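Enquirer: 3D, please:
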Amino acid sequence: MKFKFLFRLSSMSAILLFACSVYAGNTENTLYQVIDLGNPLGGVLSQGTSNNQPGQVLGFSTYPSTFIMHAELWQDNTAVDLGTLGGPNSAVAWPNRNDHGVIVGISETAETQPLGEKWSCYLAVFFYPDGHVCRGFVWQDGVMTELPTLGGDNGFATGVNNRDQIVGWAENTNHDPTCGEYTNNNQVLQFEAVIWTRQKGQYQASELPPYTGDLDGAATAINQRGQVVGISGICDGAIGGATAEHMVMWRDGRVVRELPTLGGAYWNTPMDINNRGNVAGFSDLPGDGPTISGANFHAFYWSRKPFNCNGNQITGTCDLGVLTGDAVSEALGVNDRGQVVGVSYPSGHAFIWQDGRMTDLNTLLVTGTTLVLTDAQDINDRGEITGQAYDPSTGTTVAFKAIPTDSEH
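Expert: Got it, this is the predicted structure:
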């Protein structure tokens with residue numbers, strides 16, 4: 001599925017290849033102090049993916065001389081390796097919304113893929129498919145626990161709220177005839193959006209149904225009210241394309257609305273939802289195609305209430321555009337103030353969208369840093385941002401945290 005992480009992985013590849021805490025309407029002069037979180041496992045790439053309200057940064061880091069990655073927690077100037085479920089790789093690949101120490105992500109297990117599938121974890125996050133089964137995980141108090149699937153082999157956990165409701169997607173046991181329809185990624189089993197809830201100390205998986213007429217789906221984010229957003233379509237390659245034909249919102253285990261796209265038929269993915277029910281993500285424009293070569297997506301912001309969209313007051317879906325000279329963009333995180341962060345290509349620069357306009361985050365940095373912010377993944381309600389940055393002094397990509405200089409926190 002081509003959610004943030006799908007094209008986000010191509011962003012990481014591109015990086016390797018070539019080398020606010022104020023309310024809307026008063027943010028124009030906000031500058032950011034950047035903290036280099038480095039590569040705590042000693043490799044050449046790390047990423048901050050999630051930035052919760054207490055200020056913890058979650059993401060991943062890689063090992064030296066390899067692109068094996070482990071999920072990482074940065075807190076109080078300390079980095080903690082969260083480990084794996086028995087396989088080589090793990091990562092926090094999506095913004096988490098839990099402020100009480102519950103972390104979710106994906107990990108390889110020691111089990112090999114019985115059907116030879118590559119699954120979403122390899123296609124969108126991990127660098128090298130090595131035949132291991134992937135499962136969603138929940139980490140708390142130093143212990144990583146595997147999340148159940150819908151009976152199939154693989155799963156993927158994206159988000160969690162303060163009620164410990166976890167969302168993502170997981171395979172069932174159905175051999176889906178639409179797998180590989182446009183993209184041959186060795187996908188075999190059907191997968192559906194999932195919400196995991198804890199019952200008698202154990203997490204149980206419940207399916208969130210796809211949009212009417214669709215076969216497959218995936219949940220990408222959840223807010224504190226229990227509103228869930230995600231995608232719906234056919235199996236295809238289990239990553240974007242026809243898998244992401246429709247964008248939907250679930251509540252109480254049912255589809256409550258289809259979110260309008262920017263006009264394209266494929267690659268439509270809501271990446272985050274704030275507590276006001278506003279959604280950010282990316283969506284194809286008309287004339288797109290089901291494969292990545294035909295993708296032409298732009299970042300979007302959706303709200304049921306009027307907001308400033310490029311100088312006009314509208315309700316609904318706003319095309320946030322791209323940075324000057326770029327062609328495509330992705331919105332990856334949104335906070336309760338309606339500030340949106342993401343990435344624009346091919347420049348590979350992080351952006352912030354606020355007051356109805358998109359700005360290159362690199363133009364808002366105070367002096368003293370040489371980092372180039374290449375990808376903004378998440379923003380909390382204090383306006384603190386995390387993501388990836390290129391360090392020209394070392395040629396590596398590092399996780400960063402950007403703090404508004406006018407922040408009182």
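Enquirer: how far away is the residue nearest in space to the middle of the chain from Leu332?
Expert: By Cα atoms, centre = their mean, the chain has its centre lying nearest to Trp94, at 3.7 Å. Going from Trp94 to Leu332 by Cβ to Cβ, to the nearest Å gives 9 Å. C-betas here are computed from N, CA, C, even on glycine.
Enquirer: in the stretch 301-409 of the chain, which spans are strands?
Expert: Counting by DSSP state E, counting those that start in this stretch, the stretch 301-409 of the chain has strands at residues 312-321, 328-334, 340-345, 349-354, 357-360, 372-379, 385-391, 396-404.
Enquirer: mind checking those strands for the one nearest to Glu117?
Expert: Checking the strands of the stretch 301-409 of the chain against Glu117 by Cβ to Cβ gives strand 328-334 as the closest, at 25.4 Å.
Enquirer: partner strands of the closest one and their direction?
Expert: Strand 328-334 has the following sheet partners, assigned by DSSP bridges: strand 340-345 (antiparallel).
Enquirer: now the strand it pairs with: mean pLDDT?
Expert: Mean pLDDT, taken over the full extent of strand 340-345, equals 98.
Enquirer: run the chain-centre distance for that strand.
Expert: Computed by Cα atoms, centre = their mean, to the nearest Å, the chain-centroid distance of strand 340-345 equals 12 Å.
Enquirer: who's in contact with it?
Expert: With contact meaning Cβ atoms under 8 Å, 6 or more residues apart in numbering, strand 340-345 is reached by 8, 11, 14, 271, 280, 282, 299, 301, 320, 322-323, 326-334, 349-354, 358, 360-361, 374-379, 385, 387.
Enquirer: got the buried residues for stretch 81-101?
Expert: Using 16 or more other Cβ atoms under 10 Å as the test for burial, stretch 81-101 gives 82, 84-98.
Enquirer: swap in stretch 257-268?
Expert: Buried-residue list, stretch 257-268, by 16+ other Cβ under 10 Å: 259, 261-268.
Enquirer: what about the residue nearest to the centre of the chain, helix or strand, and which?
Expert: Element membership for Trp94, per DSSP states H and E: none, as it lies in no helix or strand.
Enquirer: pretty sure it sits against Val160.
Expert: No - using Cβ atoms under 8 Å, Trp94 makes no contact with Val160, being 9.5 Å away.
Enquirer: between the buried residues of stretch 81-101, which is nearest Asn310?
Expert: Nearest member of those to Asn310, counting by Cβ to Cβ, is Pro95, at 24.7 Å.
Enquirer: how much space between that closest one and Asn174?
Expert: Distance from Pro95 to Asn174, counting by Cβ to Cβ: 30 Å.
Enquirer: using TSV, lay out the buried residues of stretch 257-268 together with secondary structure.
Expert: Output for the buried residues of stretch 257-268, formatted as TSV (DSSP: H, G, I helix; E, B strand; the rest coil):
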residue	secondary structure
Leu259	strand
Thr261	coil
Leu262	coil
Gly263	coil
Gly264	coil
Ala265	coil
Tyr266	coil
Trp267	coil
Asn268	coil
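Enquirer: just the terminal-to-terminal distance for stretch 344-358.
Expert: Using Cα to Cα, to the nearest Å, one end of stretch 344-358 lies 10 Å from the other.
Enquirer: which residue sits closest to Leu259, ignoring its sequence neighbours?
Expert: For Leu259, ignoring the flanking residues on the chain, the nearest one in space by Cβ to Cβ, 6 or more residues apart in numbering is Met247 at 4.0 Å.
Enquirer: which residues does the one you found contact?
Expert: Listed by Cβ under 8 Å, 6+ apart, the contact partners of Met247 are 229-232, 258-261, 268-270, 279, 281, 283.
Enquirer: ok, Ala376 next?
Expert: 332-333, 341-343, 350-352, 361, 385-387, 402.
Enquirer: would you list those in CSV and tack on neighbour count and distance to Arg198?
Expert: Formatted as CSV, the contacts of Ala376 follow (neighbours: other Cβ atoms under 10 Å; distance: Cβ to Cβ, whole Å):
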residue, neighbour count, distance to Arg198
Leu332, 32, 28
Gly333, 28, 26
Val341, 32, 31
Gly342, 30, 32
Val343, 31, 34
Ala350, 28, 35
Phe351, 30, 37
Ile352, 27, 35
Leu361, 26, 37
Ile385, 29, 31
Thr386, 32, 27
Gly387, 30, 30
Ala402, 31, 34
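Enquirer: what would those look like in JSON lines with distance to Asp216?
Expert: Compiled in JSON lines, the contacts of Ala376 are given as follows (distance: Cβ to Cβ, whole Å):
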{"residue": "Leu332", "distance to Asp216": "23"}
{"residue": "Gly333", "distance to Asp216": "25"}
{"residue": "Val341", "distance to Asp216": "29"}
{"residue": "Gly342", "distance to Asp216": "25"}
{"residue": "Val343", "distance to Asp216": "26"}
{"residue": "Ala350", "distance to Asp216": "31"}
{"residue": "Phe351", "distance to Asp216": "31"}
{"residue": "Ile352", "distance to Asp216": "33"}
{"residue": "Leu361", "distance to Asp216": "34"}
{"residue": "Ile385", "distance to Asp216": "32"}
{"residue": "Thr386", "distance to Asp216": "30"}
{"residue": "Gly387", "distance to Asp216": "29"}
{"residue": "Ala402", "distance to Asp216": "36"}
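Enquirer: show the pLDDT at Thr30.
Expert: Note on Thr30: pLDDT of 88.
Enquirer: same question for the one 3 residues further on.
Expert: Looking at Gln33, its pLDDT stands at 97.
Enquirer: how about Asn184?
Expert: pLDDT, Asn184: 77.
Enquirer: how many other residues sit next to it?
Expert: Neighbour count for Asn184, taken as other Cβ atoms under 10 Å: 10.
Enquirer: again, but for Gly240
Expert: A count of neighbours around Gly240, defined by other Cβ under 10 Å, yields 31.
Enquirer: Arg276 too?
Expert: For Arg276, the count of nearby residues is 17 (other Cβ under 10 Å).
Enquirer: for it, which non-adjacent residue is spatially closest?
Expert: Per Cβ to Cβ, 6+ apart, closest to Arg276 is Asp336, 6.0 Å.
Enquirer: for the residue lying closest to Asp99 once chain neighbours are set aside, give its distance to Asn161.
Expert: Ranked by Cβ to Cβ, 6+ apart and with sequence neighbours excluded, the top spatial neighbour of Asp99 is Gln53, at 4.9 Å. According to Cβ to Cβ, Gln53 stands 12 Å off from Asn161.
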